[in-house]
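**Student:** Sequence plus predicted model, see below.
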Amino acid sequence: MKIRRILTLQVLAALALTISFASCSKKGSSKGGSQATGWKINDKKGGFQYNDKFKKQETPPGMVAVEGGTFTMGKVEDDVMHDWNNTPNQQHVQSFYMDETEVTNMMYAEYLFWLKKVFPPDDENYKNIYTGALPDTLVWRNRLGYNETMTNNYLRHPAYGSYPVVGVNWIQASEFAKWRTDRVNEAILEREQYLKKDAKINDVDAQNTFNTESYLASPSTAFGGNEEIVFRGKKGAKGKNAKPQTTKDGKTIEPKNVFAQRSSGVILPEYRLPTEAEWEYAANALNGIREYNIYRGKKKYPWKGQYTRSGKRDMRGDQLANFKQGKGDYGGIAGWSDDGADITNKVKSYPPNDFGLYDMAGNVAEWVADVYRPMVDDEANDFNYYRGNVYMKNKIGEDGKVEMVTSENVKYDTLSNGKIMARNFPGQIAQVPVDENETYLRYNFSTSDNRNYRDGDKQSTRYFKFASSEEEEGGEGKENDAKRMYDSPKHQISVDSLGTMNRQYDKSSKRTTLVNDDSRVYKGGSWRDRAYWLDPASRRYYPQDMATDYIGFRCAMSKVGPKDNKKKPRG
């Protein structure tokens, strides 16, 4: 009995302790408030504002989700070129979004329409903005071929509206992605009632444009500081929250400006070109195939199997991509064994891969973001690999505020082929390279321009000639020749005070490569390529300021938040 009484007392004591803890937990609950301070979140009286009900990133227009993971990058099934620019290495790619199709002529024409409307080419201040964005339609010409039909019609004619845009260089593709970022976010903010309805159509001009980063840094400067466009009140606001109110004593109370911020969760990350690792991972689409040999890198094409023709009963023998089938054979015999195209073809003309992406092999090859180097340096990084980082920061004026680009300080670049392009638009924040204020005592990066990191320095170079201090002071040519690992031609172009262009070609016979920091990777086969180039791991490069009739592009966007959207915890 004594032992039973002791056990009963112990049970009662444990029960009391449990109730006490539960009571304390209830008293210390952060329900409706901050877990850090207990203060109310989103208090209407001016408290901390945060979207604590955010669920997931909105799927961007025209894109599909690509769940990240690991894969063997650079594993080609065949190496008929023997150019040794691929070495298999294991990489991990973070989840991202990618365009379902290549950017089409219609999509790019919308971009041109906007530029022409906002920055009229007949205005002296903006004459090079629109013309600098125009694709090079002369890429279709051939000395011994008749292609004037494409030269005159491919970009503009509605018959080619759903065909991938070509004649666009890497710089133009990157600028399109920046423009797309602003237009999509502008539409989202209008939908969420942060911006005046239809301002993007009725109130836009060269001095009144929306830029995402400018809005986030200083919302009051959006649309040139036009307060009628930047919405007063917040999402879904009605009555007193959205309109000025008159009190009983005749005083007018203006609603407080509420601007969208990153913490609002409605502004999407930037559109951009995919990295080489992202593009190759997305093209491989290992998510639908789990066989061990394919997972380890034995997959030859974006689809399952080792052949370019379908084995399915309802479409057996049909070509699964648009590519050159042989010498003088760009599509097959008409009406029989045909791939349906002689040049490019409409997007979505061939089955998608397991990620739901179309034309990841064939049709047109595609620009990716990376600067080309023969090898991928997996020893330096094996997560979200990308060569091409040039870190910039907002330019701060003498008044301590961010400096905005105006019509007077638009920056233009004269490309090596003489094309003049705008590199920033009015309404954007002026950018400058990061300096020692950002790099001091850092281990992860030490300079703004990282395009040639571990490629031309002592750690990574054999038989390298370093410039002496006398050579460094003696002239630009000596310094660059002594320090550059890749001795590609250095063509120079300049414009004098009269606007006359002076082109200086590098005719040196000592140049041994075309590789430099302005050479960009492009991936995938095209309508001009044989089946070898359909392998997602194949890679080539081209100058970033030049264009062809077989290279197009598609955009990507990083995914914020969890790797996937599974609702339940794993396990």
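**Tutor:** Alright, I've got the coordinates. Numbers count the residues shown, from 1 in each chain.
**Student:** mean confidence score for stretch 173-181?
**Tutor:** Average pLDDT, stretch 173-181: 97.
**Student:** Need the residues that contact it.
**Tutor:** With Cβ atoms under 8 Å, 6 or more residues apart in numbering as the test, stretch 173-181 has contacts from 103, 108, 111, 114-115, 133, 168, 212, 268, 270-273, 367, 369, 421-423, 553, 555. Just so you know, the C-beta spots here come from the backbone N, C-alpha and C atoms, and that holds for glycine as well.
**Student:** One more: stretch 494-508?
**Tutor:** With Cβ under 8 Å, 6+ apart as the test, stretch 494-508 has contacts from Thr414, Gly418, Pro489, Lys490, His491, Gln492, Ile493.
**Student:** Quick one: which of the residues you listed is the most crowded by neighbours?
**Tutor:** Neighbour count (other Cβ atoms under 10 Å) singles out Lys490 as the most crowded of the contacts of stretch 494-508, with 17 neighbours.
**Student:** how near is it to Val376?
**Tutor:** Between Lys490 and Val376 the computed distance is 26 Å (Cβ to Cβ, to the nearest Å).
**Student:** low-confidence ranges in the stretch 101-250 of the chain?
**Tutor:** Scanning the stretch 101-250 of the chain for pLDDT under 70 picks out 231-248, 250.
**Student:** Tell me how far Ser34 lies from Asp496.
**Tutor:** Taken as Cβ to Cβ, the span from Ser34 to Asp496 is 63 Å.
**Student:** quick revisit: cross-reference the contacts of stretch 173-181 with the helices and report the matches.
**Tutor:** Taking DSSP state H, the ones among these that sit in helices are Tyr108, Tyr111, Trp114, Leu115, Ala133, Thr212.
**Student:** Could you dump those residues into CSV with neighbour count added?
**Tutor:** Below are the ones in helices among the contacts of stretch 173-181 laid out as CSV (neighbours: other Cβ atoms under 10 Å):
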residue, neighbour count
Tyr108, 24
Tyr111, 18
Trp114, 18
Leu115, 22
Ala133, 22
Thr212, 21
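**Student:** nearest to Ala283, of those residues?
**Tutor:** Among these, Tyr108 lies closest to Ala283 (Cβ to Cβ), at 22.1 Å.
**Student:** Could you double-check that that closest one sits in contact with Thr137?
**Tutor:** No - if you go by Cβ atoms under 8 Å, Tyr108 and Thr137 don't touch, sitting 12.0 Å apart.
**Student:** circling back: of the contacts of stretch 173-181, grab the buried ones for PyMOL.
**Tutor:** A single PyMOL command selects the buried members of the contacts of stretch 173-181 (16 or more other Cβ atoms under 10 Å):
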select buried, resi 103+108+111+114+115+133+168+212+268+270+271+272+273+367+369+421+422+423+553+555
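**Student:** Now intersect the contacts of stretch 494-508 with the strands, please.
**Tutor:** Among those, the members falling in strands (DSSP state E) are Thr414, Gln492, Ile493.
**Student:** need the contact list for the residue nearest to Lys346 when sequence neighbours are not counted.
**Tutor:** Distance criterion Cβ to Cβ, 6 or more residues apart in numbering; nearest residue to Lys346, sequence neighbours excluded, is Ser162 at 4.6 Å. Shown in contact with Ser162 (Cβ under 8 Å, 6+ apart): Thr104, Asn105, Met106, Lys346, Val347, Lys348.
**Student:** how about Ser162, secondary structure?
**Tutor:** Three-state assignment for Ser162 (DSSP: H, G, I helix; E, B strand; the rest coil): coil.
**Student:** which strand in the protein runs the most residues?
**Tutor:** strand 365-371.
**Student:** could you dump the contacts of stretch 494-508 to a markdown table with pLDDT?
**Tutor:** A markdown table is the format used below for the contacts of stretch 494-508 (pLDDT from 0 to 100):
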| residue | pLDDT |
| --- | --- |
| Thr414 | 85 |
| Gly418 | 82 |
| Pro489 | 86 |
| Lys490 | 84 |
| His491 | 82 |
| Gln492 | 81 |
| Ile493 | 81 |
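**Student:** Pull the most distant pair out of these.
**Tutor:** Spatially, the most separated pair among these is Thr414 and Pro489, at 16.8 Å (Cβ to Cβ).
**Student:** Of Ser34 and Asp496, which one has the most company?
**Tutor:** Applying other Cβ under 10 Å to Ser34 and Asp496 shows that Ser34 carries more neighbours, namely 14 against 8.
**Student:** Skipping its backbone neighbours, what lies nearest the more buried one in space?
**Tutor:** Ile41 (5.9 Å).
**Student:** again, but for Ser214
**Tutor:** With Cβ to Cβ, 6+ apart as the criterion, Ser214 has its nearest non-adjacent residue at 5.3 Å, and that residue is Ile429.
**Student:** Okay, and the beta partners of that neighbour?
**Tutor:** Met404 (DSSP bridges).
**Student:** List the contacts of it.
**Tutor:** So Ile429 contacts Asn211, Glu213, Ser214, Ala217, Asn394, Lys395, Val402, Glu403, Met404, Val405 (Cβ under 8 Å, 6+ apart).
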